[in-house]
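**Student:** Quick one, what's the 3D model for this:
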Amino acid sequence: MNYFVIQDGGPVPRALVRVDGHREQKLAGTGEWADCAVLAAPEPGWTVTQVESHTFYDHVYEAMREARAGLPCVAVSSTTYLIDEFVNVTAVMRRRDGVEEWLGRENVWQAADPGGEVRLPISEEELERLQWIATRPSWFVVRETNGRVHAVVRKIPSAEEAYTRDLRWEPSDLLGREDLRIEEVHRAETALEQIELEVYRERNRGPDETEYFTVEGRSYYPRDVFCVIRRTSAGEEVHAGASGWVPSELLAEVEQGWHVFYRHRAVSAEEAGAVIAARSGRRSFLLLDAPGELPLPLAVVRVDGEREEAFTRDLAWGPSTLLTRTAEQPGVRVEEIPPAFEVSRLFMMSTRIRHERQGSEWPHDGHWYFAFFTSQAAALDLTNVLWLHRTEAGRTGIGDDYHGDGGWRSTRWALEDYDRGKRDEEYLPVSPDEARRLMKLLDAR
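**Tutor:** Numbers count the residues shown, from 1 in each chain. Got it, this is the predicted structure:
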């Protein structure tokens, strides 16, 4: 995300604009964002300045405070950052018969002002929502006698709300029901996701029991959908662009908790089709033939429209038809990965194969050789080498470095220092032949 402040010579900014990829939006109203094209055609006399996020949100706070003047309640936040989303609210204030009452981390309304300089006027409706951010409610999962999740309940002394199978929060008295099983929990995210998943599966399941799911990232940004999966009585398939539906087990692995960074959602056939139709640009897939959380791939496959290429266990890219032929290979499955994960999976694949070959296949002259790089992405091209390191064959301790100055020099560090995160560079095992070629490259620099 990039942030811009537009000035026209007045005391306050003319516009506050944020840009995410190709989407440009400006702050409007009391804290909403509207699509715009301000940066493409600024008026004469305007000054456009790109700023850091903390500076940008300081301006957003001042603009929202002015636009909201006169609203009856108040929200106190710990910072101006993301002030438009109200994610950092620490207290709220309401007026009853002209008297201010404050609700914060103590979970009870009281007269004492909790302090804090970042304050925004809010509406009564916003107060009802933000009180749950300002407080530390108790959470409960409410199940039916058969174990089915009935609702998730949050409670403070003055209020109780339930997120029900209608997929909305509403006033609740479920904690007093004797026909339901009630369990207090520390975190409710998993139960909330379970309710949504169950409800959407029931709504969207086809007459032939076919189901569609999207998978998205849970803890990295952006949290975009990166694959569509179809489950039928015959098994699970992922849509792989021009290759169509190919065998997969990703959904089953997500359900088993193997991929904690992923979240799946049940969607209708129409929604799945819309996501597939909207897909564009390069996509990445793993071809796998072994179970486990991090199996060694047969290949990493890139697809861009009709073009397909694969990085195989030969550690080289080449034209490919592997995805198309997956259905003909029993035991082979396909896993789509987010574009941001491609480099790390390529590096992991290269590292594992090279370590195996170093210990069993490559001839050696009494030494093992390693090449060092600035990053995992750089390591995927050996010509990006920074220096070489060698150890006694079969050992990974202290050895010698080669920087291109005609000789190997003893060093005081060991490969374990990198494995433990004590040093920043990345390294790969290289064969003696590769080491000799890279020595010549370093000499020529």
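**Student:** Report the secondary structure state of residue 377.
**Tutor:** Assigned by DSSP: H, G, I helix; E, B strand; the rest coil, the conformation of residue 377 is helix.
**Student:** Got the confidence number for it?
**Tutor:** Note on residue 377: pLDDT of 95.
**Student:** Can you give the contact residues for stretch 435-445?
**Tutor:** Among residues not part of stretch 435-445, those counted as contacts by CB atoms under 8 Å, 6 or more residues apart in numbering are 369, 371, 382-383, 385, 387-388, 390, 402-404, 406, 430. Quick note: C-beta positions are derived from backbone N, CA and C, even for glycine.
**Student:** Out of those, name the ones that lie in helices.
**Tutor:** Mapping the contacts of stretch 435-445 onto helices (DSSP state H) picks out no residues; all lie outside.
**Student:** OK, contacts around residue 50?
**Tutor:** Contacts for residue 50 were tallied using CB under 8 Å, 6+ apart; they are 2, 3, 4.
**Student:** So which of those residues belong to strands?
**Tutor:** 2, 3, 4 (DSSP state E).
**Student:** Surely the first one and residue 22 touch.
**Tutor:** No: counting by CB atoms under 8 Å, residue 2 does not reach residue 22; the two are 11.5 Å apart.
**Student:** who's more crowded, these two?
**Tutor:** Relative neighbour count places residue 2 above the other of residue 2 and residue 22, with 14 against 5, counting by other CB atoms under 10 Å.
**Student:** how many other residues sit next to residue 336?
**Tutor:** Each residue near residue 336 was counted by other CB under 10 Å, and the total is 24.
**Student:** Now it: which helix or strand?
**Tutor:** Under the criterion of DSSP states H and E, residue 336 resides in strand 333-337.
**Student:** Can you list the helices and strands that that strand packs against?
**Tutor:** On a contact count with 3 or more CB pairs under 8 Å, 6 or more residues apart in numbering; DSSP states H and E, strand 333-337 meets strand 225-232, strand 235-239, strand 245-247, strand 283-288.
**Student:** buried residues in the second one?
**Tutor:** Residues of strand 235-239 classed as buried by neighbour count (16 or more other CB atoms under 10 Å): 236, 237, 238, 239.
**Student:** who's in contact with the first one?
**Tutor:** What that stands for is residue 236. For residue 236, the residues meeting the contact criterion (CB under 8 Å, 6+ apart) are 229, 230, 247, 248, 249, 250, 251, 252.
**Student:** do the same with residue 97
**Tutor:** With contacts defined as CB under 8 Å, 6+ apart, residue 97 is in contact with no residue.
**Student:** Would you confirm that residue 133 belongs to a strand?
**Tutor:** No: secondary structure assignment places residue 133 outside any strand; it is helix (three-state DSSP).
**Student:** How much space separates the nearest residue to it once chain neighbours are set aside from residue 132?
**Tutor:** If you skip the residues right next to it in sequence, residue 133 has residue 89 as its closest partner in space, 4.5 Å away by CB to CB, 6 or more residues apart in numbering. Residue 89 sits 9 Å away from residue 132, going by CB to CB, to the nearest Å.
**Student:** Then residue 215?
**Tutor:** Relative to residue 132, residue 215 is positioned 29 Å away (criterion: CB to CB).
**Student:** quick one: which of the two has more around it?
**Tutor:** In this comparison of residue 215 against residue 132, neighbours counted by other CB under 10 Å, the higher total goes to residue 215 at 22 against 16.
**Student:** now that one, which residues is it bridged with?
**Tutor:** Beta-bridge pairing for residue 215 (DSSP bridges): residue 227, residue 264.
**Student:** Tell me the confidence at it?
**Tutor:** Per-residue confidence for residue 215 comes out at a pLDDT of 94.
**Student:** And residue 293, by the same measure?
**Tutor:** 59.
**Student:** Same check on residue 42?
**Tutor:** Reading off the confidence values, residue 42 has pLDDT 87.
**Student:** just checking, it touches residue 6?
**Tutor:** Yes: in this structure, residue 42 sits in contact with residue 6. The criterion is CB under 8 Å, and the distance is 6.7 Å.
**Student:** tell me, what's touching these two both at once?
**Tutor:** Overlap between the contact sets of residue 42 and residue 6, as judged by CB under 8 Å, 6+ apart, is given by residue 48.
**Student:** which regions of the chain sit below the pLDDT cut-off?
**Tutor:** Per-residue confidence for the chain (pLDDT under 70) gives these ranges: 219-223, 291-294, 417-423.
**Student:** How about the residue in it that sits furthest from its center?
**Tutor:** Relative to the mean C-alpha coordinate of the chain, counting by CA atoms, centre = their mean, the farthest residue is residue 97 (46.4 Å).
**Student:** gap between it and residue 106?
**Tutor:** The span separating residue 97 from residue 106 equals 22 Å under the rule CB to CB.
**Student:** The stretch 301-445 of the chain: helices as residue ranges?
**Tutor:** 342-360, 376-379, 415-419, 432-444 (DSSP state H, counting those that start in this stretch).
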